[in-house]
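Chemist: Any chance you could fold what I've pasted below:
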Amino acid sequence: MSDYINPYNTSRNQKKLKKLLDNLGYLHVKVWWEPVSKGNEMCGPQGGYFFTAFPDEEIHPLGYSFVSARDFITNEMPYLSYLGYKGARK
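Modeler: Next up, the predicted model:
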């Protein structure tokens with residue numbers, strides 16, 4: 001896994017999101033936030049909260065704000081896990 005430019009699991013909100021993901025069964029979770037900025041033409045905004053976890057180590061977006069990331073983790077991710085979504089733990 002490469003090192004990310006932005007520090008991970010350092011802020012209070014990052015630690016809260018990491019704890020939620022740990023409770024879902026993800027291992028070695030890294031959560032970080034990138035400043036929200038204008039994307040390329042025909043693309044939406046870039047940035048927000050992201051995470052990666054063992055074993056797939058793919059980068060997964062969570063949301064543009066802490067509230068949207070928290071809501072996604074608590075409301076959508078357990079459902080995605082039930083459906084067998086790649087990266088989600090059962």
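
Chemist: The protein: strands as residue ranges?
Modeler: Using DSSP state E, the strands found in the chain span residues 27-37, 46-54, 60-63.

Chemist: remind me which residues of this protein are low pLDDT?
Modeler: Along the chain, segments meeting pLDDT under 70 span 1-6, 79-90.

Chemist: go with 90
Modeler: When the per-residue scores of the chain are filtered using pLDDT under 90, the ranges that remain are 1-10, 22-29, 36-47, 52-60, 75-90.

Chemist: where along it do the helices fall?
Modeler: Counting by DSSP state H, the chain forms helices over residues 12-23, 66-71, 77-82, given from the N-terminal end onward.

Chemist: of all the ones you listed, which lies closest to Trp32?
Modeler: helix 12-23 (6.6 Å; CB to CB). Quick note: C-beta positions are derived from backbone N, CA and C, even for glycine.

Chemist: Report the distance from the closest one to the chain centre.
Modeler: 10 Å (CA atoms, centre = their mean, to the nearest Å).

Chemist: hang on, Ser65 packs against Gly48?
Modeler: Yes: using CB atoms under 8 Å as the test, Ser65 is close enough to Gly48 to be in contact (7.2 Å).

Chemist: Noted, bye for now.
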